[in-house]
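Enquirer: Okay, predicted coordinates and the sequence, questions at the end:
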Amino acid sequence: IYVFSDGYPDQFGGPTGKKYKYKTFKKFLLSISQLPVDEQSALLIEEYDRWKGDLEQIDDVLVIGVRVE
């Protein structure tokens, strides 16, 4: 289960300086959901930094993940 603020999907970046968007964020979360939690955390940070590039962070970024087994 993931809970997140709007900061991650609303961040501008990428090759055209557009928003990351919710659809892209959901797809990314699904792609990493089966990995260990610490690896998910590292990949979330890496993806955010890659997308944002040199642009300024425009909002708070909060992502909380809980694994239910």
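Expert: Cool, got the structure.
Enquirer: Enumerate every residue touching residue 36.
Expert: For residue 36, no residue meets the contact criterion (C-beta atoms under 8 Å, 6 or more residues apart in numbering). The C-beta positions use only the backbone N, C-alpha and C, and glycine is treated the same way.
Enquirer: That one and residue 43, how far apart?
Expert: 10 Å (C-beta to C-beta, to the nearest Å).
Enquirer: repeat for residue 23
Expert: 18 Å.
Enquirer: Quick check: buried residues in the helix ranked longest in the chain?
Expert: Assignment by DSSP state H gives helix 37-52 as the longest helix of the chain. Across helix 37-52, burial judged by 16 or more other C-beta atoms under 10 Å covers 40, 44, 47, 48, 51, 52.
Enquirer: Kindly report the same for stretch 18-33.
Expert: 20, 24, 25, 28, 29, 32.
Enquirer: mean confidence for that stretch?
Expert: Stretch 18-33 comes out with an average pLDDT of 97.
Enquirer: Next, residue 20: phi, psi?
Expert: phi -70, psi -40 (degrees, to the nearest 10).
Enquirer: could you measure residue 52 against residue 14, distance?
Expert: 9 Å.
Enquirer: any chance of the buried residues of stretch 18-33 in a markdown table, with distance to residue 2 and secondary structure too?
Expert: Formatted as a markdown table, the buried residues of stretch 18-33 follow (distance: C-beta to C-beta, whole Å; DSSP: H, G, I helix; E, B strand; the rest coil):
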| residue | distance to residue 2 | secondary structure |
| --- | --- | --- |
| 20 | 15 | coil |
| 24 | 14 | helix |
| 25 | 9 | helix |
| 28 | 11 | helix |
| 29 | 6 | helix |
| 32 | 10 | helix |
